[in-house]
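Visitor: quick one: sequence and predicted model below, then my questions.
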Amino acid sequence: MSLVLTNAQIVVADHVVHGSLRITNGVIAEVSADPQLTVDDVPGQDMGGDYLLPGLVELHTDQVESHYQPRPKRFWDPIPAVIAHDAQMAASGMTTVLDAMRIGSGPGENRISGDARTLVKAVIHAAESGLLRADHYVHLRCEVATPDVVDVFDEVGGHKRVRMVSLMDHTPGQRQYADVEAFRTYMVGKHSMTNVQFDQHVAELHVLSSKYSEDNRRRMAERANERGITMAAHDDATQAHVDESTRAGVRISEFPTTIVAARAARAAGQLVVMGAPNIVRGGSHSGNVSATELLHLGLLDILSSDYVPGSPLQAIFLLFSRGDITLPQGAALVSANPASAAGLDDRGVIAPGKRADVIRVQAYEGAPTDQHPLGSPVPIVRAVWREGRRVA
């Protein structure tokens, strides 16, 4: 059975085709330059000149945790939480999602990490039961400076849907929070700590890091390598950090905080992932390197939504409007490259033989703002197909 989408601007690997897309049995069968293609004398669905892009492949979204814990110390039913999260991701154009869930519990934290087992199992159950619009997998964010991270991984890390592990150390004074005062602003503002409580918290974190980080990083890397799980380093800042991650077998550099680290990661054969909010906002909220700067230096491979689901599409359309990239280059950042990084080579591009994970996008011209005085395009996701089936 065929589905034909006509009169569309189809974003393929290296150019944009004004034509039609034919999908058969969940697979892309043909990209035609005929904008009014018919099959068996049946006209297709008119896309009205909107863009068709490959469905986005998301490697790092923290949003499922927010749905599970919508308020401090208040937890939602895990399956409905995952379903609500999935709806948000699909509406943002994502057809494949690696849900990034932290494991490893630290002192004084009001986070879901202590209950990560429940949420990981809920994501896997919902995905395996066909409850979700997008195709969901698990990305375990492993906080190595905690006493229980390895034990939790041993409980939940063996499932086939666990496709990625990131090694993190958020101890202040290095990596993401090299500037301790930036960390103070975050913790005092978001977690309502006093300055005295913050200083005590930082001291506790340093004790844990010195006790656990090195050994847990080694043990987690051994487990990921044994199971063939793609491994990422998180917030590398120095050549020494990259050397450490390279020895561990890391393939992805997530959110390097400096140009030095991004260059070292690229030289080591690692793919560089940055957060799309960094591009949309015009810089890092932690004062680290700009993703746009890395793009201009040729050091950016993948964009992730991180904490704003709609940001990857918004980022590539913003970059396209400024002349920084073409739309095919943008699609590679959010679809083809992350699919390849996760070992999902059956998707990520609009090409015959690939999975028919496709999104219809209308580019709405946004009004000028202080940040974007000339205005900026706002991509509107009007339809989503996963394996040829309309899901949003």
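Guide: Sure thing, it's come through. Here the structure is a predicted model, which is why all the values come from computation and not from measurement.

Visitor: can we go C-alpha only for contacts and neighbour counts from here?
Guide: OK.

Visitor: first-to-last residue distance for stretch 342-357?
Guide: 16 Å (Cα to Cα, to the nearest Å).

Visitor: contacting residues around that stretch?
Guide: 11-13, 23, 26-31, 53-57, 59, 95, 163-164, 230, 331-332, 335-340, 358, 384-388 (Cα atoms under 8 Å, 6 or more residues apart in numbering).

Visitor: tell me the contacts of Phe132?
Guide: That one is not Phe; residue 132 is Leu. Contacts of Leu132 (Cα under 8 Å, 6+ apart): 83, 86-87, 126.

Visitor: closest to Arg251 among these?
Guide: Among those, Asp86 lies closest to Arg251 (Cα to Cα), at 26.8 Å.

Visitor: tell me how far the closest one lies from Val27.
Guide: Taken as Cα to Cα, the span from Asp86 to Val27 is 22 Å.

Visitor: neighbour count: those two, which is higher?
Guide: Asp86 (28 against 22; other Cα atoms under 10 Å).

Visitor: wasn't that one part of a helix?
Guide: Yes - per DSSP: H, G, I helix; E, B strand; the rest coil, Asp86 lies within a helix segment.

Visitor: which element follows the helix or strand of the chain with the lowest mean pLDDT toward the C-terminus?
Guide: Counting by mean pLDDT, DSSP states H and E, the weakest-scoring helix or strand in the chain turns out to be helix 180-190, with a mean of 61. Next helix or strand after helix 180-190 toward the C-terminus (DSSP states H and E): helix 195-227.

Visitor: by contact count, what packs against that following helix?
Guide: Contacts defined by 3 or more Cα pairs under 8 Å, 6 or more residues apart in numbering; DSSP states H and E place helix 195-227 against helix 149-156, strand 162-168, helix 180-190, strand 230-234, helix 239-248.

Visitor: let's go with 10 Å and repeat that
Guide: strand 135-143, helix 149-156, strand 162-168, helix 180-190, strand 230-234, helix 239-248 (3 or more Cα pairs under 10 Å, 6 or more residues apart in numbering; DSSP states H and E).

Visitor: now those as JSON lines including mean neighbour count and distance to Gln69?
Guide: Output for the helices and strands packed on helix 195-227, formatted as JSON lines (neighbours: other Cα atoms under 10 Å; distance: least, Cα to Cα, whole Å):
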{"stretch": "strand 135-143", "mean neighbour count": "25", "distance to Gln69": "17"}
{"stretch": "helix 149-156", "mean neighbour count": "17", "distance to Gln69": "19"}
{"stretch": "strand 162-168", "mean neighbour count": "25", "distance to Gln69": "21"}
{"stretch": "helix 180-190", "mean neighbour count": "15", "distance to Gln69": "15"}
{"stretch": "strand 230-234", "mean neighbour count": "26", "distance to Gln69": "23"}
{"stretch": "helix 239-248", "mean neighbour count": "18", "distance to Gln69": "31"}
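
Visitor: for Arg71, find the nearest of those.
Guide: Across the helices and strands packed on helix 195-227 (criterion: Cα to Cα), the nearest stretch is helix 180-190, sitting at 12.2 Å.

Visitor: shaky segments in this protein?
Guide: Flagging of the chain using pLDDT under 70 yields the residue ranges 106-114, 170-193, 195, 198-203, 205, 210, 285-286, 367-368, 370-375.

Visitor: what ranges does it have for its helices?
Guide: 63-68, 78-91, 116-128, 149-156, 180-190, 195-227, 239-248, 259-267, 276-281, 291-296, 311-321, 327-331, 337-341 (DSSP state H).

Visitor: still on that earlier bit, buried subset of the contacts of stretch 342-357?
Guide: Buried subset of the contacts of stretch 342-357 (neighbour count, 16 or more other Cα atoms under 10 Å): 11-13, 23, 26-31, 53-57, 59, 95, 163-164, 230, 331-332, 335-339, 358, 384-388.

Visitor: before we move on, the earlier item: can you lay out the helices and strands packed on helix 195-227 as CSV showing distance to Glu214?
Guide: Shown next, in CSV, are the helices and strands packed on helix 195-227 (distance: least, Cα to Cα, whole Å):
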stretch, distance to Glu214
strand 135-143, 11
helix 149-156, 12
strand 162-168, 11
helix 180-190, 21
strand 230-234, 14
helix 239-248, 10
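
Visitor: right, and those - which one's nearest Ser284?
Guide: helix 180-190 (11.5 Å).

Visitor: got the domain boundaries for this structure?
Guide: Here the domain parsing of the chain from automatic domain parsing is 2-52+353-390, 54-341.

Visitor: format those as a markdown table; extra columns: distance to Arg347.
Guide: Formatted as a markdown table, the domains of the chain follow (distance: least, Cα to Cα, whole Å):
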| stretch | distance to Arg347 |
| --- | --- |
| domain 2-52+353-390 | 5 |
| domain 54-341 | 7 |
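
Visitor: ok, now which ones touch the nearest residue to Leu271 once chain neighbours are set aside?
Guide: Excluding the flanking residues, the one nearest Leu271 by Cα to Cα, 6 or more residues apart in numbering is Ile252, at 4.7 Å. Ile252 is in contact with 164-166, 230-234, 245-246, 265-266, 269-273, 301-302, 341-342, counting by Cα atoms under 10 Å, 6 or more residues apart in numbering.
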